[in-house]
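K.L.:
just to be clear, the model below is a prediction. Sequence and coordinates:
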Amino acid sequence: MAEQINAPSAPPAPAPKPQSAERLTPAQWAERLGYLVAADARLPQSESFAKPEHAAADALHGWSRYAYHYQATPFLITETDYRAALEAAMKYPLVAPCAAALPPSERDRFKDFKPKAATVKAAK
């Protein structure tokens, strides 16, 4: 009878890095997550249009301004920070901009920022 040999099991494979650990520019995250849409998908040179969430986050956090003035050093953020910036932009001025999604050139704009209190007016 053949004897069964218990070979040592292989060490477990390392867990894959979470997707949010990757660092890309905000524009690259927008393209990857569908917040920038090409006007004509058949023409790669055609203009692209930002969805309102990305456009608001771009204006609030200053990503395009930073990209224009600091072309040699792109501003990279994680997916988690990008999504937090989208959410903060849609709730601004009730919440502060996402600090991790602010480029260095934009951080002084919000150093004294205080979120406004939400007010609800009663209907008469």
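P.N.:
Received it, and whenever you're ready, just let me know what you need.

K.L.:
quick one, longest helix in the protein?
P.N.:
In terms of residue count, the longest helix belonging to the chain (DSSP state H) is helix 79-91.

K.L.:
how about the helices in the protein?
P.N.:
Under DSSP H, the chain gives helices at 26-33, 52-61, 63-69, 79-91.

K.L.:
and the ones you listed, which one is worst for confidence?
P.N.:
In terms of average pLDDT, helix 63-69 trails the rest of these, at a mean of 89.

K.L.:
and that helix, what does it pack onto?
P.N.:
Helices and strands touching helix 63-69, as assessed by 3 or more CB pairs under 8 Å, 6 or more residues apart in numbering; DSSP states H and E, comprise helix 26-33. From N, CA and C alone the C-beta is placed, and that goes for glycine too.

K.L.:
can you do 10 Å?
P.N.:
Judged by 3 or more CB pairs under 10 Å, 6 or more residues apart in numbering; DSSP states H and E, helix 63-69 is in contact with helix 26-33, helix 52-61.

K.L.:
so which of the helices of the chain comes closest to residue 43?
P.N.:
Closest approach to residue 43 among these (CB to CB): helix 26-33, 15.4 Å.

K.L.:
export the helices and strands packed on helix 63-69 to a markdown table and tack on distance to residue 85 and mean neighbour count?
P.N.:
Shown next, in a markdown table, are those (distance: least, CB to CB, whole Å; neighbours: other CB atoms under 10 Å):
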| stretch | distance to residue 85 | mean neighbour count |
| --- | --- | --- |
| helix 26-33 | 7 | 20 |
| helix 52-61 | 5 | 20 |
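
K.L.:
residue 67 is nearest to which of those?
P.N.:
Smallest distance to residue 67 across the helices and strands packed on helix 63-69 (CB to CB): 7.2 Å, for helix 26-33.

K.L.:
and that closest one, how far from the chain's centre?
P.N.:
Here the centre of mass of C-alpha atoms in helix 26-33, compared against the chain's by CA atoms, centre = their mean, to the nearest Å, lies 8 Å away.
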